[in-house]
Every structure is written in structure tokens, then in C-alpha cells.
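In: Predicted coordinates and the sequence they were generated for:
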Amino acid sequence: MPSQAPKRRYRDDTESDMDEFVATMPTLDQNELDLLKQIGKGPYSSELEKLETSIARLANTIKANSGLEDLDCGLAPPSQWDTEGDAAIVRNFMALQIATITNILGYDTTVITPTGVAQQQNGSASLQDPEAALQEAANKISRAPVSGVPDSADLDALEGIDLGVPQLFSDQPRRFSATQPLWRACIDLFGHLTYVVGKDENIAPADLEEGMRVACDRSKYAIRFPLPPLIDPLVSLMQVDDRPNLTYRDIGGCAKQLKLIRESLELPLLHPQRFTNLGIEACKGLLFYGSPGSGKTLTARAVANRTESTFIRILGSELISKYSSEGARLVREIFSLARTKKSAILFFDEVDSWGLKRSVNASETGDTGVQRTMLELITQLDGFKQRGNVKVIMASNRPDILDAALTRPGRIDKKIEFGLPDQKGREEIYEIYLRKMSVEKNIRVKLLARLSPNASGAEIRSICTEAGMYCLRDKRRLISEADFLKAIDKVVKDYRRLVSTAKYLVANKI
């Protein structure tokens, strides 16, 4: 049998050997300890340690002051509560109530004295007449000695002079005078509650008017500040804030109409003194009528760009509602909004949708609400309340069906017809559209205008668009004259055939 290999022996260190090993190990000096501390640290370790220490100290301070460990709800202890400061914050941010001034009483005879409220004595100057108080003070001063040194009696006489009005222009703190007036007004709250209240000292009485909306306190109902009139959001959206980039140069075939518009709208707004010197009233209302596509709405957009006035556009369908009085309310709010502006232009488009002639059978046909809307507009145009610097423009395709009371002079002063353009007008319209298009040279504009007789501005625009479509189909970069000829043949002749077909069907009752 083979001999077995001897087992490998491992040395077992005893405790004595370990103690001997530790005893013989050399001790590290201070430099070696500092070197070991720097191992594993970057160049910003010291700065980071300082920041961590500062953050920990700040967190402990916040934790101690916030009182999070005192109560479960996280509030500070009652000893740290600031009830007076919290009450002041609540008073400053308290919601106000909206009321309407029904009657302004002005300054009454009750005055504020250092000891309270008292009645004004008879024989003193009127608090509502500062000029009388100033005159009385001037008389007292004129009787005072003007030479020599005044004695104690003279000083007492001068101290007795009371102007009777608050010291409005003094830089010193206001003192309670023996005759300080109280301003009073009646307000309507919630539509059925009436109170007699005062006003805030920072509001001038001239800024408050009857019928104005104001904000009042919830405790004493004192007037804090006036509010703008309440306008329906639908009416606010009718106001054109972004002016169109369309000008009078972009309108062709309407030279006569533009001249009348400038005389009727621009001249009264820019030079009102000319009409005042002549003793005549400027035009306040215009009616644009004509066939569809003749440029009525386009001209109104140019007017909005030309003038600096506020332009409000109202569609006829927006004034028609299923509620009978809704349209009349919108008309009132539209004119209320226009009167708040320095100058405004109201453009009623498609006025024939609600300005029809009145009939006896309106209740049977359901046109009662439409007639109320028209009557409200008539009242706003020429009623007891002055219209102010508000101009009205109406556009309609059917002037023959409008009510005579709506279009009479004084409400609508001028009626401007927009007919079909003539040969020269069609050339101008073609040139306006060709300036914006990529076309070939030497296109005969006169030929295009002659080949499209009785075409409106909208039809000429359709011809130019159709010519561009022919160019796109052929994958060309420039529009040729042949494209315009094919577009004229398609737009004008197809339109004429459509009109003829409609007449044929009506004539034969099909």
C-alpha cells in the first residue's frame, strides 16, 4: 500500500503571540494620523462640511421656533401666537360686497367734534359752501391788526378763525376740526336692502355718481372704491382688440363710398371743431347696403384699422335669442360699453335679421323678441340719453325690408350703396390681388376685367384663387394668364348657370 502523505499543519497564534505582535507594532505619530484623515477626501470636502454644519444648525433653529414637537397639529404654542397681527391680516384681505349707489345725499349738517358727533350750530358758515367760509375768514383777517406787535387778545381772535373746510392741501397730519362734514349716500344691496353709508377718506366725492357700482365693507358698509360697470362677457368679446391689417388701399372699386365714409366718420372724430363752428351735428349713423360680396364688411374692417376708436362688431344672429328680452339687454350693455370709451364705432352686420318691419301678427309668428331688440336699438340711437361720441354702422343686403323708424334721418343719417364694380373698379380689384400673388409678367388686367362683366369683388377673389389652383395642379411656380382665363370660364359661367337653373326651377315650380 502506498504510504499516506503527511497532514499539513497550520500555525495557531495564541494570545501570547498576539500580545507580543501588538506590543512590537510601532505607534503612528500625528503627521501620519493627519495623512490618514485626508485619504478619500476631495478638494471641496472642507467647504461641504461647513455647509452641512450650517444647514444642521439652521434646521435645529427652525425646529425649535416652529413648535412642531409641541403639538401634534404642528402649531406653535399659544405663547407664540400673534392674534392682533392675524386679525389685521384678516381685515385687510376680507372680501367686500358689491352695491349700487341709488342716491347721493352729499354733506349733511352733522359734524364730527373731538368729543363725538354733534349738530352744526346755527349762524356758522355752511359746510357745503366753502366759498362762504373763506369769505368769512377773510373778513376776520382784514379786521385783525396789521401793525405793531399783537397782544394776547389779538392772538385769541386769530385763533378763533375757522375756515369751515378740511385742510386738504396741508402736509401736516389731519386734525379733527369743529366743523368737519360727513358725506352720505344711499346704496342698494342684494336688490332689496337699502342703507345710508359713508365713504372712505381716500375717495373724492366727484368720483362717485348715482347708479355706479361700488365695493363696500361687510361691517359698516362704507364705500371703499368705485367699480367699473357690469358688462356681459358676450359683449366684451364683441370688442375688436386686434386691429385688422386691412387698409383703404386694399379695397378696389369703392372710391365714391370711401370718400363718403371719410366725411361721415373720420372727419367728425379727427376735426369735431369744424362742425361746431358751422353749428351742425356730425353724422352718427351709416347704412351699407348692396348685393352680397360688394365689400360692405371689408370696408368696415378697413374703418376699424383707420380710426383710433374702439371698434365693436355685432352679428345679427348674436342678438337673436330664445328669450324675448335677451337681445334688448345685450343692446343696452353694448351701448353702455361704448359710452365708457373715448370714441367708439358699432358695426351691426346682417341687420336685416332683426330689423324687419313691424307687423301686427308678431306674437303669432314668434317675432316679439326680435321687435323688442329693434325697439331697444331705436331708443339707444335717438332717445333721451345722449349717445355721446358713438358712431353706428349697419350692413344689410335687403334695405327694402328694414323698418322705416330704424333708418330715418337722425338715427341713420346716410345710406351708402355698394354696387357691382365697373370696368375700372374690376381692374383695381385685380391689381390688388395680383400684387400678393406669384404671377407671370405681362398679364393683361384690362382683358381679365373685360371678360368678367358684372362680377363682384368676392367673385374676382374666387377667380384669383381658382387660377392658383390650376397652377398647383400643373406643378408650376408662376400663375399664367391662361390660368386666369380658365378660372374666369369656370367661376363666372358656372355661377351664371347656377343662377339660371334656380330661376328655371322657380318659374316652373319644381
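Out: Perfect, thanks for sending it. Residues are numbered from 1 along each chain as shown.

In: Pass me the low-pLDDT residue ranges in this structure, would you?
Out: Residues of the chain that meet the criterion pLDDT under 70 lie in 1-16, 22, 40, 66-77, 108-181, 241-242, 322-324, 360-367, 384, 494-510.

In: Tell me the spacing between the most centrally placed residue in it and residue 402.
Out: With distances taken as Cα atoms, centre = their mean, residue 236 lies nearest the centre of the chain, 7.5 Å away. Distance, residue 236 to residue 402, using Cβ to Cβ, to the nearest Å: 28 Å. Heads up, the C-betas are built off the backbone N, CA and C, glycines and all.

In: tell me the SS of the residue nearest to the centre of the chain?
Out: Using DSSP: H, G, I helix; E, B strand; the rest coil, the structure places residue 236 in helix.

In: Find the nearest non-adjacent residue to it, please.
Out: Excluding its sequence neighbours, the residue lying closest to residue 236 (Cβ to Cβ, 6 or more residues apart in numbering) is residue 337, at 7.3 Å.

In: That neighbour and residue 234, how far apart?
Out: For residue 337 relative to residue 234 (Cβ to Cβ), the value is 11 Å.

In: And residue 206, how close does it get to residue 182?
Out: 17 Å.

In: Domains in this structure, by residue range?
Out: Domain assignment for the chain, taken from automatic domain parsing, gives 97-119+127-141+156-167+174-226, 234-418, 423-507.

In: For residue 25, which of the ones you listed is the nearest?
Out: Closest of the domains of the chain to residue 25 is domain 97-119+127-141+156-167+174-226, at 84.9 Å (criterion: Cβ to Cβ).

In: distance between the ends of that closest one?
Out: 12 Å (Cα to Cα, to the nearest Å).

In: Would you list the phi and psi of residue 105?
Out: phi -80, psi -20 (degrees, to the nearest 10).

In: ugh, wrong one, residue 391
Out: phi -100, psi 150.

In: what's the answer for residue 251, then?
Out: phi -120, psi 120.

In: ok, now which ones touch it?
Out: 258, 295, 298, 299, 302, 432 (Cβ atoms under 8 Å, 6 or more residues apart in numbering).

In: rerun that using 6 Å as the cut-off
Out: Contact analysis of residue 251 by Cβ atoms under 6 Å, 6 or more residues apart in numbering lists 298, 302.

In: neighbour count winner among residue 206 and residue 182?
Out: More neighbours surround residue 182 than the other of residue 206 and residue 182, with 16 against 6 (other Cβ atoms under 10 Å).

In: Make sure the residue nearest to residue 236 is indeed in a helix.
Out: Yes. Counting by three-state DSSP, residue 337 is found in a helix.

In: Against residue 411, how distant is it?
Out: 20 Å.

In: Same check on residue 473?
Out: 52 Å.

In: out of these two, which sits in the busier spot?
Out: residue 411 (19 against 9).

In: what's the offset of stretch 182-190 from the middle of its chain?
Out: Here stretch 182-190 is found 28 Å from its chain centre; the criterion is Cα atoms, centre = their mean, to the nearest Å.

In: What is the end-to-end distance of stretch 401-409?
Out: Start-to-end, stretch 401-409 (Cα to Cα) is 17 Å.

In: which other residues reach it?
Out: With Cβ under 6 Å, 6+ apart as the criterion, stretch 401-409 contacts 352, 355, 356, 357, 378.

In: Would you quantify the distance from the last one to residue 355?
Out: According to Cβ to Cβ, residue 378 and residue 355 sit 9 Å apart.

In: the more surrounded of the two?
Out: Legend: neighbour count by other Cβ under 10 Å for residue 378 and residue 355, higher for residue 355 (26 against 17).

In: burial measure for the closest residue to residue 36 other than its chain neighbours, as a count.
Out: Nearest residue to residue 36, sequence neighbours excluded (Cβ to Cβ, 6+ apart): residue 28, at 7.8 Å. Using other Cβ under 10 Å, residue 28 has 10 other residues around it.

In: Please apply the same query to residue 233.
Out: 6.

In: And residue 225, by the same measure?
Out: 14.

In: Please give the element, helix or strand, for it.
Out: Per DSSP states H and E, residue 225 falls inside strand 223-226.

In: Could you pull out the buried residues of that strand?
Out: Within strand 223-226, the residues that qualify as buried are 223, 224, counting by 16 or more other Cβ atoms under 10 Å.

In: mind listing the helices in the stretch 301-450 of the chain by residue range?
Out: Secondary structure of the stretch 301-450 of the chain by DSSP state H, counting those that start in this stretch: the helices cover 326-339, 362-365, 368-381, 404-407, 423-434, 445-451.

In: What's the separation between residue 225 and residue 284?
Out: Residue 225 is 34 Å from residue 284, by Cβ to Cβ.

In: sorry, back to before: quick one: closest of the domains of the chain to residue 20.
Out: Among those, domain 97-119+127-141+156-167+174-226 comes nearest to residue 20, with 92.0 Å by Cβ to Cβ.

In: how about the strands of the stretch 251-400 of the chain, start to end?
Out: Using DSSP state E, counting those that start in this stretch, the strands of the stretch 251-400 of the chain run over 285-290, 310-315, 344-349, 390-396.

In: Generate TSV for those strands, with distance to residue 87 and mean neighbour count as supplementary columns.
Out: Output for the strands of the stretch 251-400 of the chain, formatted as TSV (distance: least, Cβ to Cβ, whole Å; neighbours: other Cβ atoms under 10 Å):
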stretch	distance to residue 87	mean neighbour count
strand 285-290	58	23
strand 310-315	45	20
strand 344-349	46	24
strand 390-396	49	24
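
In: and those as JSON lines, adding distance to residue 456?
Out: Formatted as JSON lines, the strands of the stretch 251-400 of the chain follow (distance: least, Cβ to Cβ, whole Å):
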{"stretch": "strand 285-290", "distance to residue 456": "9"}
{"stretch": "strand 310-315", "distance to residue 456": "21"}
{"stretch": "strand 344-349", "distance to residue 456": "17"}
{"stretch": "strand 390-396", "distance to residue 456": "15"}
